[in-house]
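Q: one predicted model, sequence on top.
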Protein chains: 2
Amino acid sequence: MRRLSLLLDLYELTMAASFFEQKVRLQATFDLFVRTLPENRSFFVAAGLENALKFLEGFSFSPQDIDFLKQKGIFKDAFLDYLKTLRFTGSVHGLPEGTVFFPNEPLIRITAPIIEAQLVESCLLNTCNVATTLCSKASRVVVAAKGRGVYDFSLRRTQGADAAMAASRSSYIAGCCGTSNTLAGLTYGIPVAGTMAHSFVLSFKSELESFRAYASTFPDTTTLLVDTYDYYRGVANAITVAKELEVKGHALKAIRLDSGDLAAISKRARRVLNEAGLSHVKILASGNLDEFKIGKLIARGAKIDVFGVGTNMGVSSDAPYLDVIYKLSQISDTKGRVSPVMKLSKEKVTYPGIKQVFRVYTKKGLYQKDSIGLEGEKVEGKPLLEKVMERGKITIVYPSLEKIRSFAADNLKALPTKYKNLKGRIRYPVILSRSLQRMIVKVRKASSSKSAKV
Amino acid sequence: MRRLSLLLDLYELTMAASFFEQKVRLQATFDLFVRTLPENRSFFVAAGLENALKFLEGFSFSPQDIDFLKQKGIFKDAFLDYLKTLRFTGSVHGLPEGTVFFPNEPLIRITAPIIEAQLVESCLLNTCNVATTLCSKASRVVVAAKGRGVYDFSLRRTQGADAAMAASRSSYIAGCCGTSNTLAGLTYGIPVAGTMAHSFVLSFKSELESFRAYASTFPDTTTLLVDTYDYYRGVANAITVAKELEVKGHALKAIRLDSGDLAAISKRARRVLNEAGLSHVKILASGNLDEFKIGKLIARGAKIDVFGVGTNMGVSSDAPYLDVIYKLSQISDTKGRVSPVMKLSKEKVTYPGIKQVFRVYTKKGLYQKDSIGLEGEKVEGKPLLEKVMERGKITIVYPSLEKIRSFAADNLKALPTKYKNLKGRIRYPVILSRSLQRMIVKVRKASSSKSAKV
């Protein structure tokens, strides 16, 4: 893993320097959560915790980092010396990756000395934002595909290498079958799939020659791209090659449609393939797909077995970020005095205290409602936030990606159908527990009297 | 730099394996270009070339990569042996970073043995897409700010660490004054700036106490965030601290507004500050800004000196990717026979041949029109694509980031005002040269007869 400790907003360091110099030695609790749902969304799927924990466990500044900060000329030596040996020593609770969650529910809760909790803010937000944004989007694509296979083809247009890796991992968690990103195959063990590009077809004297060349190298795993010149000639050439493969004891795996009216073309291609006795040859469709287009294709009876989904899923194009924030909720001083805190500015209220999310299920095991309450409070429902780090060390055996994927599938299954809408936003009931409500009233009062004193 | 050679779509490797086995030893030319303009955009600003060239120069597969591919069980040993020592040996032409460009104009042109040219496709597209997407977006924000300072505050919600780095670098090229991303300061030498967060204010007994603490640590570089409790009390507290700093021979740098009606609040804050004799204290505004909001704020006479722009710029939220593609335009075989090629499927036509972009200027030095022609063709205008790599080695002394930034500023200045619209899409004239038009007709004819033969 790369050294990302300096991937932080400078103000995290200037605030830390001020805390350090003013001898502010508070323990602080921060919640990382998403404030609002994007348009057309009713839920999120949590992802990014594993990378976040690795980042926290490895957090430290290198001599090069310290030298750079020294050159800035704004930090005093005592503070820079302090940074040299600083590690993250806090405890962390998190929603397991693959958990379906809703606005204002903490995705991660951190309790640590305030300087440490503050310094890790930017990178934590960055890590969880991209992973959760892409996982939430991919879950919609998988839902829309209604059991048909979905592959992540987004690498080329994701926002950088990390985003490409996050897209592959998050979409796999969300239920995709695999990715075109070979490095994600190596790094995460995700199934990797590939077909061919138009340039391959164009590099041969004819389409048929290009198909034969590819099939001869991969006699059992060939998917032929049939739209470079003309669809129906393309399908005819694919059939020719499929027959030649049959004679040699092999089988064409699939054809790929990448442009045009995919519903109409897939139906005609299916018929032609079936008439040629090639009902086993699958049809893969790609080309600017997303959950909306997939929904329409299926509604039109498209004969598509597998969808290759690229850019729109890999950048979550209709909601390319989540309104994810990291907010102070409680401080305690060295004398053990505890103060729950909240931001009061009109548009951006936050909730105080050390919180837990409780989920109530119906008898059939479906989600019924959630409560945000205080940790330790007696609230109906299953607590969702789990302890994952203590004193800066990961305290759980991190689940395998397969386990996370299957956990996400269970979560999506337990989410009532109405929330899996492709259009519109349906509000899942998330209520505040009594103790949290009382705490909010108390903090409001205290802070208005505090402000009045100023 | 990380090893990203395996950050490729698997089909690049399967096609390569087929080319290898079929002994296809063509030289290929590929163009990397953007097909269409996003909504409300009339131009792009090129970025990402430096990273692309570094990637190409360092391209090679590690023993771990080869082992992974071997495990896949679909590649033959001869091909894997070939990959072990494979390097990129091609030549590259590129638009210098900071160049304003338009749809269908090659951003990068590569000529290389076809296997190499194909294997580098995914990562090249990924690198250029994110850098150019974010640079093009940031240039709009800078244009909207009409000379006021713009800082990149996007780190926390960019799509991963690479995207954060690209956002800082691209927005600086586009004319931003700096970034909050400290690692971008270290890596690229970009000025780094920071203020304070609400959590800092909340960590003290009162807002005033928090302001005093920060100002005491940074007496000459303090920007106070004044909206945690109440704006006007916040400004009053900032004035108190500014006066205390004055007594000690220091000066408050700025206040920051982060919520509410920024136009109204900034005007009132400006008046109150001026009345207190603090006309030197700047007003920085942030909070979900983009070029549209900045345009409106300025139109309403907001008294804002500096804008901190985050998410919307850092993910290019209204156009989070460009329609960037990498298309084969010419092949030549070992006997030196040259075949220009183009894709003919209806919606996605490409242009054949080894192309150059020629730009014609008005007498006043403004852009008048561009022509896409053939390299070496006599076409009016200045050729924009420069040779940057030969036989796999970078052939230019890469310009400093400051030079690129100043080159981008010159480019944006030379772009007539009407194309710098915030809304609507105005088509800049890009025409095809006579030779290119003739070539297109010829290739169409040849390929329809070729298809007919199939």
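A: Sure, I can see it.
Q: pretty sure A:Thr133 sits in a helix.
A: Yes. A:Thr133 forms part of a helix when assessed by DSSP: H, G, I helix; E, B strand; the rest coil.
Q: is it true that it touches A:Asp323?
A: No. A:Thr133 is not in contact with A:Asp323 according to CB atoms under 8 Å; the separation is 10.3 Å. Backbone N, C-alpha and C define where each C-beta goes, glycine included.
Q: what about these two, which has more around it?
A: A:Thr133 (30 against 16; other CB atoms under 10 Å in any protein chain shown).
Q: quick one, what contacts A:Val143?
A: Counting by CB atoms under 8 Å, 6 or more residues apart in numbering or on different chains, A:Val143 touches A:Glu291, A:Leu412, A:Lys420, A:Leu422.
Q: same thing with A:Phe79?
A: A:Phe79 sits next to A:Ala16, A:Ala17, A:Phe20, A:Glu21 when contact means CB under 8 Å, 6+ apart.
Q: just the helices in the stretch 1-150 of chain A please.
A: A:10-21, A:49-57, A:63-72, A:77-84, A:114-119, A:121-144 (DSSP state H, counting those that start in this stretch).
Q: and what of the stretch 201-350 of chain A?
A: A:207-217, A:231-247, A:262-275, A:291-299, A:311-314.
Q: so what touches the third one?
A: Judged by CB under 8 Å, 6+ apart, the contacts made with helix A:262-275 from elsewhere in the structure are A:226, A:231-232, A:235-236, A:239, A:255, A:257, A:279, A:281, A:283, A:285, A:287, A:296-297, A:300-304.
Q: can you check the first one too?
A: Helix A:207-217 is touched from outside by A:196, A:200-204, A:222, A:224, A:228-229, A:233-234, A:237-238, A:240-241, A:244-245, A:250, A:252, B:14-15, B:17-19, B:21-22, B:24, B:451, B:454, with contacts defined as CB under 8 Å, 6+ apart.
Q: would you mind finding the most buried of the helices of the stretch 201-350 of chain A?
A: helix A:311-314 (a mean of 26; mean count of other CB atoms under 10 Å in any protein chain shown).
Q: which strands or helices does that one pack on?
A: Other elements packing on helix A:311-314 under the criterion 3 or more CB pairs under 8 Å, 6 or more residues apart in numbering or on different chains; DSSP states H and E are helix A:121-144, helix A:161-173.
Q: tabulate those (JSON lines), appending mean pLDDT.
A: As requested, those are exported to JSON lines (pLDDT from 0 to 100):
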{"stretch": "helix A:121-144", "mean pLDDT": "98"}
{"stretch": "helix A:161-173", "mean pLDDT": "98"}
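Q: in a markdown table: those, plus distance to B:Leu69.
A: What follows is these, written out as a markdown table (distance: least, CB to CB, whole Å):
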| stretch | distance to B:Leu69 |
| --- | --- |
| helix A:121-144 | 26 |
| helix A:161-173 | 17 |
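Q: those helices: which one's closest to B:Pro106?
A: Comparison of these against B:Pro106 by CB to CB identifies helix A:161-173 as nearest, at 23.1 Å.
Q: re the thing from before, distance to A:Lys70 and mean pLDDT for the helices of the stretch 201-350 of chain A - can I get that in a markdown table?
A: Formatted as a markdown table, the helices of the stretch 201-350 of chain A follow (distance: least, CB to CB, whole Å; pLDDT from 0 to 100):
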| stretch | distance to A:Lys70 | mean pLDDT |
| --- | --- | --- |
| helix A:207-217 | 57 | 97 |
| helix A:231-247 | 63 | 97 |
| helix A:262-275 | 58 | 98 |
| helix A:291-299 | 50 | 98 |
| helix A:311-314 | 40 | 98 |
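Q: let's see which of the contacts of A:Val143 end up in helices.
A: A:Glu291, A:Leu412 (DSSP state H).
Q: which one among the contacts of A:Val143 gets closest to chain B?
A: A:Glu291 (16.0 Å; CB to the nearest CB).
Q: quick check: A:Ile440 touching A:Lys343?
A: No. A:Ile440 lies out of contact with A:Lys343 (CB under 8 Å); the separation is 11.8 Å.
Q: mind checking which of those two has more residues around it?
A: A:Lys343 (23 against 18).
Q: and the gap between that one and chain B?
A: Distance of A:Lys343 to chain B, computed by CB to the nearest CB, to the nearest Å: 5 Å.
Q: and if you look at A:Tyr11?
A: Distance of A:Tyr11 to chain B, computed by CB to the nearest CB: 3 Å.
Q: ok, the residue lying closest to that residue once chain neighbours are set aside - how many residues close by?
A: Among residues not flanking A:Tyr11 along the chain, B:Gly194 sits closest, at 3.4 Å (CB to CB, 6 or more residues apart in numbering or on different chains). Neighbours of B:Gly194 under the rule other CB under 10 Å: 24.
Q: am I right that B:Gly194 is in a strand?
A: No. Checked against three-state DSSP, B:Gly194 lies outside a strand; its state is coil.
Q: which residues of the stretch 1-150 of chain A lie near chain B?
A: A:2, A:4, A:6-15, A:17-19, A:21-22, A:24, A:26, A:28, A:30, A:64-65, A:68-69, A:72, A:74, A:114, A:118, A:121-123, A:125-127, A:129-130, A:133-134 (CB under 8 Å from any CB of the partner chain).
Q: revised request: answer the last question for the stretch 251-400 of chain A.
A: When proximity is defined as CB under 8 Å from any CB, the stretch 251-400 of chain A approaches chain B at A:259-260, A:311, A:315-317, A:320-322, A:324, A:326-328, A:331, A:341, A:343-348.
Q: list only those of those residues flagged as buried.
A: Buried subset of these (neighbour count, 16 or more other CB atoms under 10 Å in any protein chain shown): A:259-260, A:311, A:315-317, A:320-322, A:324, A:326-328, A:331, A:341, A:343-345, A:348.
Q: next step: those residues restricted to strands.
A: Per DSSP state E, strands hold the following members of these: A:Val324, A:Tyr326, A:Lys327, A:Leu328, A:Ile331.
Q: how about these in TSV, adding pLDDT?
A: Listed next are these as TSV, based on pLDDT from 0 to 100:
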residue	pLDDT
A:Val324	97
A:Tyr326	97
A:Lys327	95
A:Leu328	95
A:Ile331	95
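Q: quick one: end-to-end length of stretch A:39-54, please.
A: 32 Å (CA to CA, to the nearest Å).
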